[in-house]
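>>> Following is a predicted model, sequence given first.
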Amino acid sequence: MPAKDDLKPKKETCSTPIADFLDEYAGKQVVRVHMPGHKGSASGSFASDLDITEISGADSLYEADGIILESENNASVLFGTKHSFYVTEGSSQAIKAMCLLAIRLSQKQAGTVTKKPVIIAGRNAHRSFVSAAELLGFEVEWLVGENRASLMECRVTPEMLEKKLCEAGFYDGRFLAGIYITSPDYLGNMADIKALAEVAHKHGILLLVDNAHGSYLKFLKKDRHPVTSGADLVCDSAHKTLPVLTGGAYLHVSKRLKKDFDMTEIRQALLRFGSTSPSYLILRSLDMANAFLSGCAEEGYFDKCCEKISEIKSICSEKGLVFSGDEPMKLCVNLAASGLKEEKSTAAGNIFRNMEIEPEFADRDYLILMFSPLNKPEDFEKVKQVLFMLAEKTGKVSQTKSKGVCADDCIRDFSMPVKKHEPSEIILLPRVKVNVNDALGLVAADVPVSCPPAILPVIPGEVVDENIIKILKYYGIKEIYVEKSFEQI
């Protein structure tokens, strides 16, 4: 973690109350007869002297009325929200709370608690959204998107959403709690949030955005954050692109929701999916990030970083590499579209690792590199040189020819599997692990997938068909959990 002074822009405009409290407390000779067990000892390899619990003066995340609230207020001003709540267990915690809040807000508007809630979602939703459906009992209506080249993308258009909302009988026995979009997605594709918000609000529906990869979008000279574009509830994984410890995140509430705003209810929603002992080290890093961000847009930190990435993209495109997505601070090489043969593309990640560069993600189809303003100039130069090495292995296909190239036919030809159960119905049913070759016609109960990207090829409750088996094999998944039949019990 960078030193405190490294995170301050030249022109600091907000306070850091959490960091100040922890620094002051660490400097005192206090007998710590409170958690944690290390008692502030400096013998470990972590900043244990700053790691505390909810002692007097330290405030409490889920009942914040002191230094945590003050720090959150600073973040709220920076992000332009009604309030930005701190989260210490990543967007996974925020996504579940966001879904619960959407259901409650929609229940109030619809005046019903008897109808089944449903959320429309892009099919590339993070696994934590599926977990939210399992735990909260809402139904999901999936949007698959057009020209799908990967499980990690789902291009939802305003026209597609409008058509879905106007389907006859859509609301029979149910009420719509919200529309859930992932933007930017893992491959750097960004949805037209402004247009999607206009469609949602025309129908009186909340727009929820998983902006895990886009915290920094607020601090570009041209603000591209989903809250600014009209989204109602947004979660950011601060740690992905900001100088924040892993687990640090935000749940942003738009000013548009001020009449339905209840801070206690929102904190309780977050508490339901988080530990009652949130990390003060993570809170401190979120607090310190405010000072860093307070001058970022004005001083162009993120824009300068994005300009360097754009230059690398331009040069490498001329050499035959094809890039996916339009998120400005991410490089996503589409290996399949670049003409890299399968046996070569599986080694793309290792080419970087052998040069002592660890990519964010690498598989047979994509190589993802994530930067931040804290990367050194030599980092960009080294990445560019290794990309040149990778470009030498391409098939030199043209940009025009490569557009729309899919990873595999099984993904391009994807159609929605038959749904037998909702995720909330199958989570408590007996299950058994089977080889994917034996799963045809069975009902999926769970799929062990890695994170990143933590996107499920088949949703619990869906019937495994032939194409799903092809997709599972394509991604190297050998076993899945399925619903246990009566004969197996």
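Nice, I can see it.
>>> Poorly predicted segments of the protein, please.
1-13, 33, 35-47, 112-114, 168-171, 297, 341-346, 395-408, 486-489 (pLDDT under 70).
>>> Please determine how far the residue nearest the centre of it is located from M98.
Centroid-nearest residue in the chain, with CA atoms, centre = their mean: A212, separated by 3.1 Å. Applying CB to CB, to the nearest Å, the value for A212 to M98 is 12 Å. (C-beta placed from N, C-alpha, C; glycine too.)
>>> same check, this time on K116
Note on K116: its distance to M98, by CB to CB, is 19 Å.
>>> Kindly report the same for L208.
The spacing between L208 and M98, counted by CB to CB, is 6 Å.
>>> residues shared between the contacts of the two?
Both L208 and M98 are in contact with L233, where contact means CB atoms under 8 Å, 6 or more residues apart in numbering.
>>> intersection of neighbour lists for A212 and M98?
The contact lists of A212 and M98 share C235, where a contact means CB under 8 Å, 6+ apart.
>>> what's N290 in contact with, if anything?
14-16, 71, 74-75, 78.
>>> again with S254
81-82, 227, 230-234.
>>> Of these, which belong to helices?
The members of the contacts of S254 that map onto helices under DSSP state H are V227.
>>> Out of the contacts of S254, who's the most crowded?
V234 (32 neighbours; other CB atoms under 10 Å).
>>> coming back round to it: what's the separation between the residue nearest to the centre of the chain and N334?
Counting by CB to CB - A212 and N334 are separated by 21 Å.
>>> do the same with A362
On the measure of CB to CB, A362 and N334 end up 12 Å apart.
>>> any idea whether the nearest residue to S60 once chain neighbours are set aside is helix, strand or coil?
Nearest non-adjacent residue to S60, counting by CB to CB, 6 or more residues apart in numbering: E54, 4.6 Å away. Here E54 is recorded as coil under DSSP: H, G, I helix; E, B strand; the rest coil.
>>> Correct me if wrong: E54 contacts G66.
No. In this structure, E54 is not within contact of G66 by CB atoms under 8 Å, at 10.3 Å.
>>> for V227, what are its contacts?
Contacts of V227 (CB under 8 Å, 6+ apart): 79-81, 218, 234, 252, 254.
>>> And the helices in the stretch 51-200 of the chain?
Ranges of helices within the stretch 51-200 of the chain are 67-79, 90-110, 127-136, 158-165, 193-202, based on DSSP state H, counting those that start in this stretch.
>>> Same list (those helices) but as CSV, adding mean neighbour count and distance to S294.
Converted to CSV, the helices of the stretch 51-200 of the chain look like this (neighbours: other CB atoms under 10 Å; distance: least, CB to CB, whole Å):
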stretch, mean neighbour count, distance to S294
helix 67-79, 21, 6
helix 90-110, 23, 23
helix 127-136, 22, 30
helix 158-165, 16, 34
helix 193-202, 19, 24
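>>> want to try a markdown table for the ones you listed, with distance to F302 as columns?
Output for the helices of the stretch 51-200 of the chain, formatted as a markdown table (distance: least, CB to CB, whole Å):
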| stretch | distance to F302 |
| --- | --- |
| helix 67-79 | 13 |
| helix 90-110 | 20 |
| helix 127-136 | 26 |
| helix 158-165 | 27 |
| helix 193-202 | 18 |
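>>> Quick one: closest of the ones you listed to V434.
Set against V434 and scored by CB to CB, those come closest in helix 127-136, at 19.8 Å.
>>> could you dump that closest one to CSV, C-alpha only?
Backbone C-alpha positions of helix 127-136 (Å, rounded to 0.1, in the frame of the first residue of the first chain) are rendered in CSV as follows:
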residue,chain,number,x,y,z
ARG,A,127,-21.6,-14.6,-9.7
SER,A,128,-22.5,-12.4,-6.7
PHE,A,129,-25.6,-11.3,-8.5
VAL,A,130,-26.7,-14.9,-8.9
SER,A,131,-25.9,-15.4,-5.2
ALA,A,132,-28.2,-12.4,-4.5
ALA,A,133,-31.0,-14.1,-6.4
GLU,A,134,-30.4,-17.3,-4.4
LEU,A,135,-30.5,-15.6,-1.1
LEU,A,136,-33.2,-13.0,-1.7
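>>> Thanks a lot, catch you later.
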